[in-house]
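Enquirer: return a 3D structure for these sequence lines:
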Amino acid sequence: MKLRRKLSVAAAAVFLIVAVVFKVGFFAYAFYAMLLVALVAYAMTHLSLDGLQTDRHLTTRQAQLGEEAVVTVGVRNTRPLPLPWVVMEDLLSPGLPVLEGASSRAMVMRGNGATTLRYRVRCDKRGYHRVGPVLFESGDYFGLTRRFMSHANAQFITVYPRVAPIDKYSVPTHRPLGETTVRMRIFEDPTRIAGVREYRHGDPLRRVHWKASARTGRLHAKIYDPSSLLGANILLDFHDKAWEGERKEERSEFAVTVAASLASHLAARGVDLGLVSNGVDAADVMQTAPISVEANSRDEARRLVELRKETSRLRPVEVPVRRGNESLTLVMESLARLDFGHGLALADMVSQEYSKWPREQTAVFIIPAMSNELFRQISRLKTNGFSVLVLLIDQRNQAPAVMSALASIHVPVLHLAGDSDLHNIVV
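Expert: Reported below is the predicted structural model:
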């Protein structure tokens, strides 16, 4: 398109020079004719698109996997000038396939005219999916110029992650505090005192055994019997480099499913839960501003409109530990919008954030691999009085080495490769 305009300008300049030098009236006439054509082409292309307005309606903004939504987009030409031709396409995220209707149309729009795009999509993929904006393409009758423009009326559908029913497996109890002792010492029940030990740095005051401390002259802390889940702070590693390798998307999505399933299970039992991840919130990186783009093709224009903006956000995605359905809703929304991060590695995030986490809740790590630095941070958490559980996602070759290393600091590891392994979370 730019080359075509340059050639037109060059040809007009040649005609003008020939007309002046050789005093040939035909070339002067050709120059003025080309100038008029260029002005008309500019007016048709650049003035007409500015009068387009769009209005959008979605039947839902939150959906589960597999649910459907109807999108209605009204397009109106607010100017009396007609558009000789216009191609309109409502841009969609890849996870929203069109089932019925059409999300694009080519037509002639009369002055003050209107049309409607109406179609139905299915939510096939977890995520924060953008519906829109409409990308308009128009030009002049002569094919000299084309223009692309989008509007800032995009909307978003939050598709929640899949939840596997952990509670269908052998769970000790559905009460917040269990009545039976479990075999693995992962979670503790503060209503079941098993003994005392010397106080450790980081133990909460509620754990101090005041009678034993007064009798011995040194601080002592209570030891509890392990029981069912008291609560958990879910720590999900979603750094892009951590998931590099085969089946990256499949494994990372399963990790989100594990986190969502565990959160749902905890909420159903009425216990505390929270979420911390080094991923990014997709809502922070979506581009929504209206733009007019210069491009040589429709594919190039589409890429420019869909381009995400960069984010320098280094703070983790976090839902503070709390109890109730409100906490579950926030966790599910955060997991739905979670995208790969490129800033903090999980070990760095733990080092910076762990001092704010409650020690009463178990720190449940959901990770694709174990690094030396992450091992040191987990050991640091244990030293500071945290209960820790590691869920290793689909790493059969690395699982024995990880289990052996963490066993040395008394941290249990569960290897999860599919839904059938989820019952091992509740031991």
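Enquirer: what pairs with the strand of greatest length in the chain, parallel or antiparallel?
Expert: Criterion DSSP state E: the longest strand present in the chain is strand 127-139. Here strand 127-139 has these sheet partners by DSSP bridges: strand 83-92 (antiparallel), strand 146-150 (antiparallel), strand 155-159 (antiparallel).
Enquirer: my read is that A417 contacts N397, right?
Expert: No: with contacts counted by C-beta atoms under 8 Å, A417 stays clear of N397, the gap being 11.6 Å. Backbone N, C-alpha and C define where each C-beta goes, glycine included.
Enquirer: still on that earlier bit, would you turn the strands paired with strand 127-139 into a markdown table with distance to R61 and mean pLDDT?
Expert: Putting those into a markdown table (distance: least, C-beta to C-beta, whole Å; pLDDT from 0 to 100) gives the following:
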| stretch | distance to R61 | mean pLDDT |
| --- | --- | --- |
| strand 83-92 | 15 | 86 |
| strand 146-150 | 21 | 78 |
| strand 155-159 | 6 | 92 |
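Enquirer: where does the protein have low pLDDT?
Expert: 1-48, 140-145, 167-194, 224-230, 287-297, 304-314, 423-427 (pLDDT under 70).
Enquirer: outline the domain layout of it.
Expert: Following automatic domain parsing, one finds the domains of the chain at 2-44, 49-159, 166-187+227-279+316-425.
Enquirer: between A417 and N397, who's got more neighbours?
Expert: The residue with more neighbours, out of A417 and N397, is A417; 14 against 6, by other C-beta atoms under 10 Å.
Enquirer: how close does the more buried one sit to S277?
Expert: Separation of A417 from S277 (C-beta to C-beta, to the nearest Å): 21 Å.
Enquirer: repeat that for R359.
Expert: Counting by C-beta to C-beta, the separation of R359 from S277 is 20 Å.
Enquirer: those two: who's more crowded?
Expert: Using other C-beta under 10 Å as the criterion, R359 and S277 rank with S277 on top: 27 against 17.
Enquirer: hmm, K382 is touching I409, no?
Expert: Yes: applying C-beta under 8 Å, one finds K382 in contact with I409, separated by 5.5 Å.
Enquirer: follow-up on the earlier one: need the domains of the chain in TSV (columns: distance to H201).
Expert: TSV is the format used below for the domains of the chain (distance: least, C-beta to C-beta, whole Å):
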stretch	distance to H201
domain 2-44	68
domain 49-159	41
domain 166-187+227-279+316-425	7
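Enquirer: quick check: which of those is nearest to M286?
Expert: Checking those against M286 by C-beta to C-beta gives domain 49-159 as the closest, at 6.0 Å.
Enquirer: and what about V73, helix, strand or coil?
Expert: Assigned with DSSP: H, G, I helix; E, B strand; the rest coil, V73 falls in the strand class.
Enquirer: bridged to it, which residues?
Expert: Beta bridges link V73 to R56, L117 when assigned by DSSP bridges.
Enquirer: residues contacting it?
Expert: V73 makes contact with 54-57, 90, 116-118, 132, 134, according to C-beta atoms under 8 Å, 6 or more residues apart in numbering.
Enquirer: if you count neighbours, what's buried in stretch 77-89?
Expert: Within stretch 77-89, the residues that count as buried by 16 or more other C-beta atoms under 10 Å are 77, 81-83, 85-89.
Enquirer: which one of those residues is nearest R323?
Expert: Nearest to R323 among the buried residues of stretch 77-89, counting by C-beta to C-beta, is E89 at 46.3 Å.
Enquirer: my read: the closest one touches V98, true?
Expert: No: using C-beta under 8 Å as the test, E89 is too far from V98 to be in contact (11.4 Å).
Enquirer: list only buried entries from the contacts of V73.
Expert: Taking 16+ other C-beta under 10 Å as the criterion, what is buried in the contacts of V73 is 54, 56, 90, 117, 132, 134.
Enquirer: okay, the first one and R118: tell me how far apart.
Expert: In this case it means T54. For T54, the distance to R118 (C-beta to C-beta) stands at 13 Å.
Enquirer: again, but for N112
Expert: With C-beta to C-beta as the criterion, N112 and R118 are 21 Å apart.
Enquirer: and G127, by the same measure?
Expert: Counting by C-beta to C-beta, the gap from G127 to R118 is 23 Å.
Enquirer: the strands paired with strand 127-139: which one's closest to D203?
Expert: strand 155-159 (39.9 Å).
Enquirer: what residues are up against the nearest residue to T257 once chain neighbours are set aside?
Expert: What sits nearest to T257 in space, not counting adjacent residues and going by C-beta to C-beta, 6 or more residues apart in numbering, is R162, at 4.9 Å. When contacts are counted by C-beta under 8 Å, 6+ apart, R162 touches 65, 126, 257, 260.
Enquirer: the first one in helix, strand or coil?
Expert: Think L65. L65 ends up coil, using three-state DSSP.
Enquirer: does it touch Y160 like I think?
Expert: Yes: with contact defined as C-beta under 8 Å, L65 counts as touching Y160 (7.3 Å).
Enquirer: shared neighbours of these two, anything?
Expert: Common contact partners of L65 and Y160 (C-beta under 8 Å, 6+ apart): R126.
Enquirer: which one of those two has more residues nearby?
Expert: Neighbours per residue (other C-beta under 10 Å) separate L65 from Y160, with Y160 holding more: 20 against 15.
Enquirer: gap between the more buried one and L96?
Expert: Using C-beta to C-beta, one obtains 14 Å as the distance from Y160 to L96.
Enquirer: what do you get for L117?
Expert: Counting by C-beta to C-beta, the gap from L117 to L96 is 14 Å.
Enquirer: same question for P320.
Expert: Counting by C-beta to C-beta, the gap from P320 to L96 is 32 Å.
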